[in-house]
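J.: Quick check, what structure comes out for this input:
(one chain, ligands or ions: 2)
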Amino acid sequence: MTDCIFCKIAKGEIPSRKIYEDDDIFAFHDINPQRPVHFMIIPKAHIATLYDADVRHHAALGKILTKAGELARGEGLDDGFRLIANTGRVGGQEVYHLHFHVLGGPEPVGPMVQRL
Ligand code: AMP
Ligand code: ZN
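T.: Ligands and ions are numbered 1, 2, ... in the order given. Next comes the predicted model:
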């Protein structure tokens, strides 16, 4: 995907505050943090949404889930955090390159969602 902002961040073509990178995944701070600590973990491969994930992405997505705790601890989140993957219109997704938000800080993140 040539005009995808997160593809460009993963390739280093757009600057970001990088936390971690390996062959499959990239983690960087959110530009508009919603909590004292707010970063994103993404697969380097362009996957638009969780709807588009398939068996080819097992390694990268498994790595994201198994790295999340370590990266969160590295950012000082040693008393819990929230992992969020907004998906599609109803999920409130704004950037269509799959990403997992990691959110936390000293205080509890709060209710999972606002009650309708
Ligand atoms: P979502 O609503 O789940 O698609 O979230 C997209 C997130 O990407 C938002 O929290 C934005 O603040 C964040 N974001 C957008 N552009 C950038 C960027 N250039 N660097 C870091 N975070 C970004
Ligand atoms: Zn992309």
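
J.: Of all the residues in the helix or strand hosting L71, which ones are buried?
T.: In this assignment (DSSP states H and E), L71 forms part of helix 58-74. If you call a residue buried by 16 or more other Cβ atoms under 10 Å, then helix 58-74 has these buried ones: 60-61, 63-64, 67-68, 71-72. Any C-beta I mention is one placed from the backbone N, CA and C, and that applies to glycine too.

J.: cool, and stretch 80-92?
T.: 81-82, 84-86.

J.: Restricted to strands, list those residues.
T.: 82, 84 (DSSP state E).

J.: now, among the buried residues of stretch 80-92, which is nearest to ligand 1?
T.: Lowest distance from ligand 1 to the buried residues of stretch 80-92 (Cβ to the nearest ligand atom) belongs to N86, with 3.5 Å.

J.: how far away is the closest one from D23?
T.: Remark: distance between N86 and D23 (Cβ to Cβ, to the nearest Å) = 25 Å.

J.: picking up where we left off before, can you put the buried residues of helix 58-74 in TSV and add pLDDT?
T.: Below are the buried residues of helix 58-74 laid out as TSV (pLDDT from 0 to 100):
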residue	pLDDT
A60	98
L61	98
K63	98
I64	98
K67	98
A68	98
L71	98
A72	98
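
J.: Out of those, the closest to C4 would be?
T.: Minimum distance to C4 across these is 15.6 Å, recorded for A60 (Cβ to Cβ).
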